[in-house]
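S.K.: quick one: sequence and predicted model below, then my questions.
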Amino acid sequence: MLKATVASGSVYVPNGLVAFKINGKTIGQANVTNGKASLRYTIPGYSAGTYTTTAVFGATSRYSSSTANGTLKITKTSSTTTVKDLTGIEGSSVRILAVVKDSKGAYAHGGNVVFKLNGLSIGTSKVVNGGAAINYTIPTSFTKSSYAITATYSGTGALASSKASSTLTVLTPQKTTTSVSDITSSAGKTITVKATVKSGSTAISGGTVVFKLNGLTIGKATVKSGSASISYAIPKSLSKSSYDITATYGGYVQYLTSTTSAKLKLETQTAGGKNTSLTQNSALKTYITTSASNCQVYNSVIQNLAKTITSGKTTTLAQAKAIFSYLNDKTSYDYYANTRYGALGTWNRKAGNCCDMANLMVAVCRAAGIPARYAHATCYFRSGLVTGHVWAQVYVNGAWHNCDLTSNYNSFGNIVNWNRCGSIRYYTTLPF
């Protein structure tokens with residue numbers, strides 16, 4: 001607060017105007033009331049030092065002008081610098097961050113921080129919004145397990161310097177081994193896939209294991225006490241007798257990555273209760289297992305979509321109806337010729353023509369383990385249009401059911417947007 005007293009002899013001047021200056025630069029003015037004038041002023045980051053303040057009273061019809069000088073002394077504000085302890089591996093890069101604040105806890109701006117390791121300078125960084133950081137690669141030649149970090153803030157004209165210290169703990173890389181056992185089960189069942197991760201005889205805690213089946217990710221889990229596991233519902237559409245399981249540990253601190261593989265062997269139940277190989281499936285097998293570039297049965301998005309829709313549905317008919325209703329509700333018809341986006345692209349767009357709508361219906365049904373195929377014919381639509389058309393057919397309870405997603409008025413087994421068609425051709429995969 002800058003204050004001025006204006007008097008004529010022993011009498012206070014009743015009114016008028018005072019202009020305040022610092023080092024000759026006007027910073028504001030205030031009215032005189034009964035000889036007093038004051039101005040509240042926020043110092044805009046001045047450097048520490050001594051400044052001249054001036055109060056100038058402007059002449060009035062009764063009183064002449066007058067000037068008085070004073071002194072403004074600015075001292076540096078104290079600062080605090082902090083830097084956290086770090087852990088790194090020989091040969092790896094660590095980011096060393098120093099945080100600088102003023103005495104009121106506000107982030108500093110300006111100045112530099114010099115970083116040292118065991119007294120040797122390893123880098124300098126400017127302070128911006130309270131932070132200064134460097135990236136430092138730990139030499140492989142280091143022999144000690146810990147090193148002293150110091151961060152020295154230079155200060156600014158308004159902020160005093162400060163210093164902080166912490167510790168860099170250096171770890172030696174440790175090899176790991178990941179192991180997974182072979183699993184024998186059958187399609188439609190839920191299994192537990194477990195990986196064991198060790199470094200020598202030490203059970204590791206920390207890091208993540210990613211599990212894949214024939215190259216497709218089926219889950220991931222955090223390693224705790226040397227173990228990571230996931231639950232996996234085997235799709236009913238899987239037809240091979242053997243699949244490759246891979247488990248990849250991503251590493252953690254000093255522990256390096258490692259990968260292992262195992263086999264998932266599938267069996268199926270016959271009516272007599274004995275297990276037989278899936279290669280002995282019925283003649284409908286091809287309508288469940290066939291995947292194509294436009295009908296991505298084994299894509300994880302399609303697999304998860306089928307699983308979500310059919311969850312809680314205990315019969316094949318209920319599952320098939322649920323798939324049709326869900327897809328019909330979520331998608332809309334889009335006109336273009338032939339296949340353009342395939343099942344996955346159509347689901348992502350939530351729109352497609354008759355070919356791509358059929359691709360989507362067939363793919364999701366097959367992913368759910370329900371036989372599905374394509375039908376193609378010249379159809380007579382209610383609008384009067386006569387044109388080639390494709391739709392899906394789903395096999396449930398010994399019969400093929402029409403499933404046409406191109407109209408929201410259609411339902412499972414019932415088509416209303418066209419009423420008759422010419423001779424029908426059937427496809428396992430759509431060739432156009």
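M.R.: Great, that's in hand. Numbering: from 1, shown residues only.
S.K.: ok, now which ones touch the nearest residue to S293 once chain neighbours are set aside?
M.R.: Leaving aside its chain neighbours, S293 sits nearest to G342 (6.5 Å; criterion: Cβ to Cβ, 6 or more residues apart in numbering). (C-beta placed from N, C-alpha, C; glycine too.) Contact analysis of G342 by Cβ atoms under 8 Å, 6 or more residues apart in numbering lists S293, N294, C295, Q296, D356, N359.
S.K.: generate a ChimeraX selection restricted to the buried entries among those residues.
M.R.: Per 16 or more other Cβ atoms under 10 Å, the buried members of the contacts of G342 correspond to this ChimeraX selection:
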select :294,295,296,356,359
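S.K.: just the closest of the contacts of G342 to N15, please.
M.R.: D356 (85.2 Å; Cβ to Cβ).
S.K.: contacts only, for the closest one.
M.R.: N294, T339, R340, Y341, G342, A343, G345, T346.
S.K.: element containing it?
M.R.: Per DSSP states H and E: D356 is located in helix 354-367.
S.K.: pairing partners for the helix or strand following that helix, with directions?
M.R.: Later in the chain than helix 354-367, the nearest helix or strand by DSSP H and E is strand 372-381. Applying DSSP bridges to the sheet, strand 372-381 is found paired with strand 386-396 (antiparallel), strand 418-421 (antiparallel), strand 425-427 (antiparallel).
S.K.: what's the first helix or strand after the first one?
M.R.: On the C-terminal side of strand 386-396, the nearest following helix or strand under DSSP H and E is strand 399-403.
S.K.: and that next one, what does it pack onto?
M.R.: When contacts are defined as 3 or more Cβ pairs under 8 Å, 6 or more residues apart in numbering; DSSP states H and E, strand 399-403 packs onto helix 316-330, strand 372-381, strand 386-396.
S.K.: C-terminal to the helix or strand bottoming out on mean pLDDT in the chain, what's the next element?
M.R.: Lowest by mean pLDDT, DSSP states H and E among the helices and strands of the chain is strand 275-277, with a mean of 40. The helix or strand immediately downstream of strand 275-277 is helix 286-289, counting by DSSP H and E.
S.K.: which residues are contacting that next one?
M.R.: Residues contacting helix 286-289 (Cβ under 8 Å, 6+ apart): 236-239, 281, 297, 366, 369-373, 395, 428.
S.K.: list the buried residues of it.
M.R.: Y287, I288, T289.
S.K.: got TSV for the residues you listed, with distance to S165 too?
M.R.: Output for the buried residues of helix 286-289, formatted as TSV (distance: Cβ to Cβ, whole Å):
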residue	distance to S165
Y287	70
I288	66
T289	65
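S.K.: between those, which is nearest T80?
M.R.: T289 (66.8 Å).
S.K.: mind checking how far that closest one is from P235?
M.R.: As judged by Cβ to Cβ, to the nearest Å, T289 and P235 stand 10 Å apart.
S.K.: follow-up on the earlier one: please state the offset of the helix holding D356 from the chain centre?
M.R.: Distance of helix 354-367 from its chain centroid, counting by Cα atoms, centre = their mean, to the nearest Å, is 30 Å.
S.K.: low-scoring stretches of the protein, by residue?
M.R.: For the chain, applying pLDDT under 70 flags the ranges 268-283.
S.K.: could you chop the chain up by domain?
M.R.: For the chain, automatic domain parsing gives the domain ranges 2-74, 79-171, 177-269, 283-427.
S.K.: hey, which of those domains is tucked in deepest?
M.R.: Among the domains of the chain, the stretch with the highest mean neighbour count (mean count of other Cβ atoms under 10 Å) is domain 283-427, at a mean of 19.
S.K.: next, format the contacts of D356 as CSV and append secondary structure and distance to V416.
M.R.: CSV is the format used below for the contacts of D356 (DSSP: H, G, I helix; E, B strand; the rest coil; distance: Cβ to Cβ, whole Å):
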residue, secondary structure, distance to V416
N294, coil, 26
T339, coil, 24
R340, coil, 25
Y341, coil, 25
G342, helix, 26
A343, helix, 24
G345, helix, 27
T346, helix, 22
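S.K.: tell me which of those is nearest to T42?
M.R.: Closest approach between the contacts of D356 and T42, by Cβ to Cβ: G345, at 59.9 Å.
S.K.: spatially nearest residue to the closest one, not counting backbone neighbours?
M.R.: D356 (7.3 Å).
S.K.: for A375, see how far away the one you found is.
M.R.: Counting by Cβ to Cβ, the gap between D356 and A375 amounts to 15 Å.
S.K.: and for G91?
M.R.: Look at G91 and A375: by Cβ to Cβ, they are 62 Å apart.
S.K.: and if you look at H401?
M.R.: Remark: distance between H401 and A375 (Cβ to Cβ) = 11 Å.
S.K.: cool, V253 as well?
M.R.: Counting by Cβ to Cβ, the gap from V253 to A375 is 58 Å.
S.K.: got it, and G155?
M.R.: Going from G155 to A375 by Cβ to Cβ gives 80 Å.
S.K.: same deal with T339?
M.R.: From T339 to A375 the distance is 15 Å (Cβ to Cβ).
S.K.: now swap in S64 and tell me
M.R.: Computed as Cβ to Cβ, the S64 to A375 distance reads 107 Å.
S.K.: could you do A160 as well?
M.R.: As judged by Cβ to Cβ, A160 and A375 stand 83 Å apart.
S.K.: kindly report the same for G45.
M.R.: Going from G45 to A375 by Cβ to Cβ gives 78 Å.
S.K.: for the residue nearest in space to the middle of the chain, give the beta-bridge partners.
M.R.: What sits nearest the mean C-alpha location of the chain, by Cα atoms, centre = their mean, is K220, with 15.4 Å. Taking DSSP bridges, one finds V210 as the beta-bridge partners of K220.
S.K.: you'd agree it is up against A195?
M.R.: No - contact criterion Cβ atoms under 8 Å: K220 and A195 do not qualify, at 10.3 Å.
S.K.: I230: what's it in contact with?
M.R.: By Cβ under 8 Å, 6+ apart, the contact list for I230 reads T192, V193, F211, I218, G219, K220, A221.
S.K.: wouldn't S8 be in contact with S66 here?
M.R.: No - at 9.1 Å, S8 does not count as touching S66 under the criterion of Cβ under 8 Å.
S.K.: could you export stretch 315-334 as CSV, CA atoms only?
M.R.: What follows is stretch 315-334, C-alpha atoms only, in CSV (Å, rounded to 0.1, in the frame of the first residue of the first chain):
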residue,chain,number,x,y,z
THR,A,315,-31.2,-72.3,-25.7
THR,A,316,-29.8,-72.0,-29.2
LEU,A,317,-33.2,-70.5,-30.4
ALA,A,318,-33.0,-67.9,-27.6
GLN,A,319,-29.5,-67.0,-28.6
ALA,A,320,-30.2,-66.8,-32.3
LYS,A,321,-33.3,-64.5,-31.7
ALA,A,322,-31.2,-62.3,-29.3
ILE,A,323,-28.5,-61.9,-31.9
PHE,A,324,-31.0,-60.9,-34.7
SER,A,325,-32.9,-58.5,-32.4
TYR,A,326,-29.7,-56.8,-31.1
LEU,A,327,-28.1,-56.4,-34.5
ASN,A,328,-31.3,-55.2,-36.1
ASP,A,329,-31.8,-52.6,-33.4
LYS,A,330,-28.2,-51.3,-33.6
THR,A,331,-27.7,-51.1,-37.3
SER,A,332,-29.4,-49.4,-40.3
TYR,A,333,-29.5,-50.0,-44.1
ASP,A,334,-27.0,-48.2,-46.4
